[in-house]
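>>> could you look at this predicted model? Sequence included:
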Amino acid sequence: MPPLLSLDHVDKRYANGVLALHDVSLAVGPHEFVSLLGPSGCGKSSVLRLVAGLDGATRGNVSAPALERRAPADTACVFQDATLMPWASVFDNVWLPLRIAGQSRAQAAERVDAVLRLVGLADFAQAHPAELSGGMKMRASIARALVAQPRVLLMDEPFAALDEFTRQKLNDDLLHWWQASTLAVLFVTHSIYEAVYLSQRVLVMGARPGRVVDEVVVDEPYPRRPAFRSSDRFLHICQRIGQALEASQVAS
Ligand SMILES: Nc1ncnc2c1ncn2[C@@H]1O[C@H](COP(=O)(O)OP(=O)(O)OP(=O)(O)O)[C@@H](O)[C@H]1O
C-alpha cells in the first residue's frame, strides 16, 4: 500500500541559516502509529510542520494529505498546550473545525456529542477550559482534532506536561481511539518509554543537523497492556533505542 505521507531526502534550512533537517526520509502508511523520538532541537517539530503543510522543505519532496488542497481536514494537529479558546465551552471548542467547514451548531451537534463521549467528556460539554484538569483539557484538544474525522493525526509532545498517572491513562486511551479508527498517527515525544509503549515503529532522530539515525520496530500486538511496560521485551527495545540515541550524540 502506498504511504499516506512521506519525506524523501528532505533538508530544512531556516532563514537564520540553521540546518534543522538533513536528508530525512520517512514514510507513514494508512493506520500506522509511528513515533519520532530524539533530543531537543533534532528537528521533530520541523518534520511535523512540513507534514502539516505549515512550512516548506528547502530540498527534497514532502507528500501528505494536508498538501493536497482539496482535503485540508485530512490532517489534524495536537500540541503540548491544549490551545483551547478560554471564553468558549468545551462543546464550542470541539465544534470549531466543523464550524469553519460551514456546519451550524445543530448540524454539528451529533458529531460533537459523539466525539465528546469517545474522549470521556460528555458531562463537561458546557464547562469552560478553566474548569478542566490538564488531562481533561488535553482530551478536549484531542476531541477537537478528531471531530472532522481526519486521516492523519500529528501529535507534538501532547502529554509531556501531564503527571505520570494521567499520561499513562491517556496513552492507553489514545491507543484505544486509534485502534477503533482508520487514523494514522505521527507522534513526537522525548520519552523512550512512551514511544515504545505506543508505537509500531519508532524513528530515532539525532541533532545537528536533524536526521533519522535508526528505525526500531516494536513487534508487540495491540491492545497493549500496562504489563508490557515492565516486560523484558519492553526494556530490551528501550535499551536499543537508548544506545542509538547515545551513539547519535557521540557522532554529532
Ligand atoms: N522558525 C525557525 N527559525 C529558525 N530556526 C528554527 C525555527 N524553528 C526551529 N528552528 C531551529 O531548528 C532546529 C530544530 O528545531 P525543532 O523545533 O524542529 O526541534 P525539536 O526536535 O522539535 O525540538 P524540541 O524537542 O525542543 O521541541 C533547532 O536548532 C531550532 O532552534
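Received, thanks.
>>> restricting to C-alpha, output stretch 125-144 in CSV.
Provided in CSV are the C-alpha atoms of stretch 125-144 (Å, rounded to 0.1, in the frame of the first residue of the first chain):
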residue,chain,number,x,y,z
ALA,A,125,-19.8,19.8,27.2
GLN,A,126,-20.9,23.1,28.8
ALA,A,127,-17.9,23.5,31.0
HIS,A,128,-15.2,26.1,30.2
PRO,A,129,-11.5,25.2,29.9
ALA,A,130,-10.7,26.9,33.3
GLU,A,131,-12.9,24.3,34.9
LEU,A,132,-10.9,21.3,33.5
SER,A,133,-7.8,19.5,34.7
GLY,A,134,-4.8,19.3,32.5
GLY,A,135,-5.7,15.8,31.3
MET,A,136,-9.3,16.9,30.6
LYS,A,137,-8.0,19.9,28.6
MET,A,138,-5.9,17.5,26.5
ARG,A,139,-9.0,15.3,26.0
ALA,A,140,-10.9,18.3,24.7
SER,A,141,-7.9,19.2,22.4
ILE,A,142,-7.9,15.6,21.0
ALA,A,143,-11.7,15.7,20.6
ARG,A,144,-11.3,18.9,18.5
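>>> got phi/psi on the closest residue to the ligand within the stretch 151-252 of the chain?
Nearest residue of the stretch 151-252 of the chain to the ligand, counting by Cβ to the nearest ligand atom: residue 210, 5.7 Å away. For every residue, glycine as well, the C-beta is placed using N, CA and C. For residue 210, the backbone dihedrals are phi -60, psi 130 (criterion: degrees, to the nearest 10).
>>> can you list the residues of the stretch 151-252 of the chain near the ligand?
By Cβ under 6 Å from any ligand atom, the residues of the stretch 151-252 of the chain that approach the ligand are residue 210.
>>> picking up where we left off before, and the residue of the stretch 151-252 of the chain closest to the ligand, how far from residue 3?
20 Å (Cβ to Cβ, to the nearest Å).
>>> higher neighbour count, the two?
residue 210 (28 against 16; other Cβ atoms under 10 Å).
>>> for that one, which residues are in contact?
12, 20-22, 24, 38, 41-44, 46-47 (Cβ atoms under 8 Å, 6 or more residues apart in numbering).
>>> and it, bridged to which residues?
For residue 210, the beta-bridge partners under DSSP bridges are residue 21.
>>> could you pull up the mean pLDDT of whichever strand or helix holds residue 77?
Using DSSP states H and E, residue 77 falls within strand 75-79. Strand 75-79 shows an average pLDDT of 92 in the prediction.
>>> picking up where we left off before, in PyMOL, how would I select the buried members of the contacts of residue 210?
In PyMOL, this line selects whichever of the contacts of residue 210 come out buried by 16 or more other Cβ atoms under 10 Å:
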select buried, resi 12+20+21+22+24+38+42+43+44+46+47
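>>> which residues sit against the longest helix anywhere in the chain?
Criterion DSSP state H: the longest helix present in the chain is helix 232-251. Contacts with helix 232-251, where a contact means Cβ under 8 Å, 6+ apart, come from 37-39, 192-193, 195-197, 202, 204-207, 213-214, 216, 218, 220, 228.
>>> from those, keep the buried residues only.
37-39, 192-193, 195-197, 202, 204-207, 213-214, 216, 218, 220.
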